[in-house]
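> got a structure for you, letters missing:
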């Protein structure tokens, strides 16, 4: 009886802990948004910040503050999308190393855009988004098929190896495509670094429907991802349609990753790091893990963007460089901690 009575108390404590971490995550995100608007490569006073936020853009300093607003919104949206897509990919594959970069999805979107620009002359942001989503989707299917070959099916290690090999191959193909077109080489290379410095309100409105659709689909798959975490056989035994559940969740990840890559370029490691940290805080229930991964991803990308502005003043580092600098050691730590031979 005592043990049965303790179960509701444990659930209550877990709920209070998650609510506390949710409050902390929201407060941290709010503070980072304020810092992102206030801090830049150009020093600005509080009077200029207040004037710019009220819509007054009469001086260079006020214009600099005004330009940080869409940049902040884009970093928030892109970080949330990448964190969420990483959590989904880890849930689909049951692979602790899964994220859009490791599985080659980012580079697939990059190759699609490079081919589209070089061979088909795409120029509009809308065309970039659709092309990137198509490239991300084809690459995700390709990596999963390659990782499923042989005995044992799509094991975590085989998927990771297939993704890394695909990413390296596609990166070489991007270089090969760009080398034949010197007129677009500079722009493609700058975009490939990954950043949010060129964000505008028009581009945000353009990408918002895709990110919104990906978010809604992702949140609707939380229970299915919990079932998939038990294994395909057990999930099927519980009445889950495994193939449909995996395809629906993958669609959400492809929309989120493809749209973000089209606008910001391939930003790596955000989807790898944050789900691991969020599991330590809220557990493995995807109904909590997915929204926390989105909040944490937004916070990380905002923090990386702020750091990139500060460390190289009066110039700046793109967020893709900062996240790679943080994420590479984290990736090595995950590999050593999980003991890749046991994956």
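Structure's in. What do you need? Only a predicted model underlies this, so the values are computations on that prediction, with no experimental measurement involved.

> Could you report the neighbour count for the residue nearest to residue 224 when sequence neighbours are not counted?
Of all residues not flanking residue 224 in the chain, residue 245 sits nearest, at 3.8 Å (CB to CB, 6 or more residues apart in numbering). Just so you know, the C-beta spots here come from the backbone N, C-alpha and C atoms, and that holds for glycine as well. Applying other CB atoms under 10 Å, we find 21 residues neighbouring residue 245.

> Residue 205 now?
11.

> still on that earlier bit, the residue nearest to residue 224: what secondary structure?
Assigned by DSSP: H, G, I helix; E, B strand; the rest coil, the conformation of residue 245 is helix.

> Would you agree it is in contact with residue 223?
No - using CB atoms under 8 Å, residue 245 is not in contact with residue 223, being 9.1 Å away.

> Can you name the residues that contact residue 316?
Contact analysis of residue 316 by CB atoms under 8 Å, 6 or more residues apart in numbering lists 41, 197, 308, 309.

> For residue 196, see how far away it is.
Separation of residue 316 from residue 196 (CB to CB, to the nearest Å) stands at 11 Å.

> next one: residue 180
On the measure of CB to CB, residue 180 and residue 196 end up 29 Å apart.

> the more surrounded of the two?
residue 196 (29 against 10).

> Is that one within a helix or a strand, and which one?
For residue 196, there is no enclosing helix or strand under DSSP states H and E.

> Contacts only, for it.
Contacts of residue 196 (CB under 8 Å, 6+ apart): 71, 74, 75, 78, 264, 301, 305, 319.

> Are any of these buried, and if so which?
Among the contacts of residue 196, those buried by neighbour count (16 or more other CB atoms under 10 Å) are 71, 74, 75, 78, 264, 301, 305, 319.

> Nearest residue to the most centrally placed residue in the chain in space, please, no chain neighbours.
Central residue of the chain (CA atoms, centre = their mean): residue 82, 1.0 Å from the mean position. Of all residues not flanking residue 82 in the chain, residue 270 sits nearest, at 4.0 Å (CB to CB, 6+ apart).

> okay, and for this protein, where does confidence drop off?
Low-confidence segments of the chain (pLDDT under 70): 1-11, 152-156, 335-343.

> Would you map the helices across it?
Assigned by DSSP state H, the chain shows helices spanning 2-38, 46-53, 60-93, 105-120, 125-148, 156-179, 182-193, 201-220, 222-228, 232-237, 242-264, 270-282, 286-311, 319-338.

> Quick check: the residue nearest to residue 224 vs residue 251, distance?
Going from residue 245 to residue 251 by CB to CB gives 11 Å.

> Check residue 211 too.
Residue 211 is 13 Å from residue 251, by CB to CB.

> Residue 122 - how many residues pack around it?
17.

> Tell me who's in contact with residue 219.
Residue 219 touches 290, 291, counting by CB under 8 Å, 6+ apart.

> ok, now residue 278?
Residues near residue 278 by CB under 8 Å, 6+ apart: 87, 289, 292, 293, 296.

> do residue 324 as well
Contacts of residue 324 (CB under 8 Å, 6+ apart): 268, 269.

> Look up how far residue 217 lies from it.
Residue 324 is 28 Å from residue 217, by CB to CB.

> cool, and residue 112?
Residue 112 is 21 Å from residue 217, by CB to CB.

> go on, residue 148?
Residue 148 is 23 Å from residue 217, where distance means CB to CB.

> Those two: who's more crowded?
Counting neighbours by other CB under 10 Å for residue 148 and for residue 217 shows that residue 217 has the greater number, 19 against 14.

> so that one touches residue 253, yeah?
No - Residue 217 is not in contact with residue 253 according to CB under 8 Å; the separation is 9.1 Å.

> Run through the residues that contact the spatially closest residue to residue 208 that is not a sequence neighbour.
Nearest non-adjacent residue to residue 208, counting by CB to CB, 6+ apart: residue 77, 7.4 Å away. Taking CB under 8 Å, 6+ apart, we find residue 77 in contact with 204, 207, 208, 211, 260, 298.

> Most neighbours among those, which one is it?
residue 260 (34 neighbours).
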